[in-house]
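Chemist: Please work out how this folds:
(2 chains)
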Amino acid sequence: MKRCIGVAVAAFSLAGCKAPPSLPAAPPPFLTVEQLAAAVAADARLSDAEGDSKIRAQLAADAGRNAQACLEHAPRAAACLYYDGIALGLRARAHPLQANEALKAMLELLGRAEAADPEYDQAGPARVLALVLVRAPAWPLGPGDAEAGLASARRAVALRPQYPPNVLALAEALAKTGDAHGAEESYRRARDLSAALPPGSDRDDWLHEADQALRRMPSH
Amino acid sequence: MSTLTLAALATLVFCAPGYPGGSGDAQPFVDQFAKAAAASAGWKSDSLAAIYDPTEQGGLAKLGDKDAVLAFVPYAFYVQHAAALHLTPLAQADVAGVGTQERWTLVGKAGGPVTGPASMTGYTILSVAGYAPEFVKHSALGEWALPTDVKIEPTGQILSALRRVASGEPVVALLDQTQAAALSTLPFAAQMKTLTQSAPMPVALIVVVESRLPEARAKAFQAALIKMNAANGGAETLALVHLKGFVMPQLPGNAGKP
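Modeler: Here you go, the predicted model:
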C-alpha cells in the first residue's frame, strides 16, 4: 500500500513556471531556443489544468519533443536544461510507473540549469527543484528530500524575493519540514506580494494558492 | 441492523499513518480494490465502499463511524488500537517487495554511545511507527527493556531523522524493512549502525472493526481475500495497491488482543 501511494503522489503540479503564449504542438525546425522553451512552458500550464490522463500524456510527449529540440540547439543553455527538466516532470505525472526515474533525471537537469543561470525564469531552477524535492516521495521510495527542498526554496527567494511563486515554494517547504509559523508568515507574504501585482490569471492563481494554504494552517 | 441494510452501508477504511500520499492520490485505487474484493466475496459490487486516510487521527475518526466494518491497517496501528477498537484480524497482507512479514531495525550512530537499551537514557526514538508507542516498546523492541525516559516520536521525514542520527543528536531511528534495506544507499550510511532488529511480524492486516460485520459475511470476505490473487483480474487489482495477495493471519504471541 505504501509504495502505491508513493507512486501516486508523484503526480504534482509544476505551477510556478510562467506561461507564455501557446505555440503549435510539433516543433518546426526553425524555432529558436526561446520559442521551444516557451512551448514546453505552455504544455506544462495546459497539463496543470488538464484532468484527462491521455491528454496529459500527449502534452508530456509534446513537451519532451520540444525540450529535446531545444537541447539540440543549445545543449548547455539554462533554458533548455530547465525546460527539459519540466518536460520530465510532465512525463512523471503522465506515466506514474516511470515517475521515479523521470524525477531523478529532472533533479539532475534542474541542478545543471541552476548552475548555468540561477536567475533564469525568476530563479526558476531553484524554485522548481524545491517543489520537486518537497512533493516527490521521500527516501527510500523516491528522490524527495524536504530539507534539501527547503534549501533550494531559500536560494530562489534570496535571488528573487518579490516573485510570489518563490515565496509560495518557501512556504510549502517550511510547512513540510515542520515550521508551521514560518510557513504561515511566508504564505502571508506571498499573498501580499501577489495582491500588489496588476490583475491577471497568474496573480489570481498565486493569491488562491496562498489563501487556500492559509485556511489550512493550524491557527485558522 | 439487518444484513441487507448493513450490506449497503459497509465501508473499508484504509489507514496508513506515516506514509506518503494524500486521500485524493490513493482513493481511486482503494475504490477499485473494494469493488473487486466485494465481488470476489459474492457481495453486490456497490455494497462495500472504501475510504483512505493517511493520518492516525483521521483513521480513528473514520473507524468510529458505525459503517466502518473493515479496516486495512499497518501492524503497528493494529497493536496500538486493537484492544480499544476491538479489531479482529481477518487476513494478513502480502505486500509487493516486502512480503507477509517484516523486521523492524533500530539504528544509531556508528561509534556513538548507544550500545544497548540501558544506554538510551535521554534518547528519542524516531519512526514512521512512532504514533504507536505500544508497538515500538512491546513489539518492534520487545526484547529491549527501554529506560522509562526514552521518548517515542512519529516522523514522516525518515531521511531527516537519519541525518539527525548521523550528526550525533540523542536520537535513534526505528526503520521498517524497506527503509532498512535502503540504508546502504545513503551517502552517510557508514555513520550508521544497526542496534537491534525485531522478529518478523506482519506488515499489514485487514481487520473487522467492533464485530460490525456478521461472522458469516466476515468468513466469506476472508475467503475472498485469500483467493483474490488467483481470481480473474485479481492480481492486477491487488497490484494497484501494491499487494500480491493475502494469507491467513499469523500474529506473534504478544500482539494486541481485543
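Chemist: count of residues packed around the residue in the stretch 101-250 of chain B positioned nearest to chain A?
Modeler: As assessed by CB to the nearest CB, chain A sits closest to residue B:182 within the stretch 101-250 of chain B, at 3.3 Å. Using the backbone N, CA and C atoms, a C-beta is placed for each residue, glycine as well. For residue B:182, the neighbour count with other CB atoms under 10 Å in any protein chain shown is 15.
Chemist: got it, and residue B:239?
Modeler: 14.
Chemist: circling back to that earlier point, surely the residue of the stretch 101-250 of chain B closest to chain A meets residue A:139?
Modeler: Yes: between residue B:182 and residue A:139 there is a contact under CB atoms under 8 Å: 6.8 Å.
Chemist: CA atoms of the longest strand seen in chain B as PDB?
Modeler: Determined from DSSP state E, the single longest strand within chain B is strand B:87-95. Taking only C-alpha atoms (Å, rounded to 0.1, in the frame of the first residue of the first chain), the coordinates of strand B:87-95 have been written out as PDB:
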ATOM      1  CA  LEU B  87     -10.100  -5.200  15.900                       C
ATOM      2  CA  THR B  88     -10.300  -8.800  14.800                       C
ATOM      3  CA  PRO B  89      -7.700  -9.900  12.200                       C
ATOM      4  CA  LEU B  90      -9.200 -11.300   9.000                       C
ATOM      5  CA  ALA B  91      -6.300 -11.600   6.600                       C
ATOM      6  CA  GLN B  92      -2.600 -10.700   6.500                       C
ATOM      7  CA  ALA B  93      -1.400  -8.700   3.500                       C
ATOM      8  CA  ASP B  94       1.400  -9.900   1.200                       C
ATOM      9  CA  VAL B  95       2.900  -6.600   0.300                       C
END
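Chemist: Can you name the element that comes right after that strand?
Modeler: Downstream of strand B:87-95, the next assigned helix or strand under DSSP states H and E is strand B:101-102.
Chemist: Past that next one, which element shows up next along the chain?
Modeler: Immediately after strand B:101-102, counting by DSSP H and E, sits strand B:105-109.
Chemist: Contacts for that next one, please.
Modeler: Residues outside strand B:105-109 that contact it (CB atoms under 8 Å, 6 or more residues apart in numbering or on different chains): B:114, B:125, B:140-141, B:144, B:162, B:165-166, B:168, B:172-175, B:177, B:179-180, B:183, B:191-198.
Chemist: mind listing the helices for the stretch 101-250 of chain B?
Modeler: Ranges of helices in the stretch 101-250 of chain B, per DSSP state H, counting those that start in this stretch, are B:133-135, B:158-166, B:177-182, B:215-227, B:234-240.
Chemist: For my notes, please list those in JSON lines and give distance to residue A:77 for each entry.
Modeler: What follows is those, written out as JSON lines (distance: least, CB to CB, whole Å):
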{"stretch": "helix B:133-135", "distance to residue A:77": "53"}
{"stretch": "helix B:158-166", "distance to residue A:77": "32"}
{"stretch": "helix B:177-182", "distance to residue A:77": "35"}
{"stretch": "helix B:215-227", "distance to residue A:77": "55"}
{"stretch": "helix B:234-240", "distance to residue A:77": "41"}
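Chemist: May I see those organised as a markdown table, with mean pLDDT added?
Modeler: Shown next, in a markdown table, are these (pLDDT from 0 to 100):
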| stretch | mean pLDDT |
| --- | --- |
| helix B:133-135 | 97 |
| helix B:158-166 | 96 |
| helix B:177-182 | 96 |
| helix B:215-227 | 95 |
| helix B:234-240 | 91 |
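Chemist: Report the mean confidence score over the one helix or strand residue A:173 maps to.
Modeler: Assessed by DSSP H and E, residue A:173 sits inside helix A:164-176. Helix A:164-176 carries an average pLDDT of 97.
Chemist: Over to stretch B:46-56?
Modeler: Mean predicted confidence for stretch B:46-56 is 90.
Chemist: next one: stretch B:89-96
Modeler: 96.
Chemist: That stretch and chain A in contact?
Modeler: Yes: using CB under 8 Å from any CB of the partner chain, stretch B:89-96 reaches chain A at B:93, B:95-96.
Chemist: Can you tell me which of these has the most neighbours?
Modeler: residue B:93 (28 neighbours).
Chemist: Name the nearest residue to that residue, sequence neighbours excluded.
Modeler: Spatial nearest neighbour of residue B:93, excluding adjacent residues (CB to CB, 6 or more residues apart in numbering or on different chains): residue B:204 at 4.1 Å.
Chemist: domains in the chain, as residue ranges please.
Modeler: Just going to use chain A. A:1-117, A:146-220 (automatic domain parsing).
Chemist: Chain B, not that one
Modeler: When chain B is cut into domains by automatic domain parsing, you get B:3-99+B:202-247, B:104-197.
Chemist: Compare those domains and give me the one nearest residue A:107.
Modeler: Closest approach to residue A:107 among those (CB to CB): domain B:104-197, 14.4 Å.
Chemist: May I have the beta-bridge partners of residue B:197?
Modeler: Residues in a beta bridge with residue B:197, per DSSP bridges, are residue B:105.
Chemist: right, so the domains of chain A: which one is the most enclosed?
Modeler: domain A:1-117 (a mean of 20; mean count of other CB atoms under 10 Å in any protein chain shown).
Chemist: quick one: average confidence on it?
Modeler: 80.
Chemist: What are the phi and psi values at residue B:13?
Modeler: phi -100, psi 120 (degrees, to the nearest 10).
Chemist: Please apply the same query to the one 3 residues further on.
Modeler: Summarising the backbone geometry of residue B:16 under the convention degrees, to the nearest 10, its torsions are phi -140, psi 70.
Chemist: burial count for it?
Modeler: Neighbours of residue B:16 (other CB under 10 Å): 24.
Chemist: which residue sits closest to residue 190, ignoring its sequence neighbours?
Modeler: By default, I'm working from chain A. Here the residue nearest residue A:190, using CB to CB, 6+ apart, is residue A:167, at 4.0 Å.
Chemist: oops, I was thinking of chain B
Modeler: Nearest one to residue B:190, counting by CB to CB, 6+ apart, is residue B:110 at 6.7 Å.
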